[in-house]
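Peer 1: here is my input; please provide its structure:
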Amino acid sequence: MKKVMFGTLAIVLLGLTSCKKDYNCECTYQDTGNTTITENKTIKNSTLDDAKKTCDGYETTGAVTRTCTLL
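Peer 2: Here you go, the predicted model:
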């Protein structure tokens, strides 16, 4: 009985804790002089899925292609 109660308590505690944290997104692109530029952006208080979506949103295509990676 104690094992069941401890297992249930552990599951409840995991459900109550938030999986949100700060993530870093690194974006690189080349300017007109072919110099590689790296930008780091912090995505605060986010879940992993939301941080991936936000980081992907920083990417651009066209005259300047910016590639972003969630670290």
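Peer 1: tell me which residue is most central in the protein.
Peer 2: Most central in the chain under C-alpha atoms, centre = their mean is residue 51, positioned 3.3 Å from the mean C-alpha point.
Peer 1: show me the contacts for that residue.
Peer 2: Residue 51 makes contacts with 23, 25, 43, 70, as judged by C-beta atoms under 8 Å, 6 or more residues apart in numbering. (Each C-beta comes from the backbone N, C-alpha and C, glycine too.)
Peer 1: one more time with 6 Å, if that's ok
Peer 2: 23, 43, 70 (C-beta atoms under 6 Å, 6 or more residues apart in numbering).
Peer 1: with distance to residue 62, secondary structure and pLDDT as added columns, please give the residues you listed in a markdown table.
Peer 2: Listed next are these as a markdown table, based on distance: C-beta to C-beta, whole Å; DSSP: H, G, I helix; E, B strand; the rest coil; pLDDT from 0 to 100:
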| residue | distance to residue 62 | secondary structure | pLDDT |
| --- | --- | --- | --- |
| 23 | 26 | strand | 98 |
| 43 | 23 | strand | 97 |
| 70 | 22 | strand | 96 |
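Peer 1: top of these by neighbour count?
Peer 2: When neighbours are counted by other C-beta atoms under 10 Å, residue 23 leads the contacts of residue 51 with 20 neighbours.
Peer 1: look up the closest residue to it, ignoring the ones flanking it.
Peer 2: residue 51 (3.9 Å; C-beta to C-beta, 6 or more residues apart in numbering).
Peer 1: can you check what pLDDT the model gives the one you found?
Peer 2: Residue 51 is assigned 97 on the pLDDT scale.
Peer 1: correct me if wrong: residue 58 contacts residue 68.
Peer 2: Yes. Shown here, residue 58 and residue 68 form a contact pair, counting by C-beta atoms under 6 Å, at 4.6 Å.
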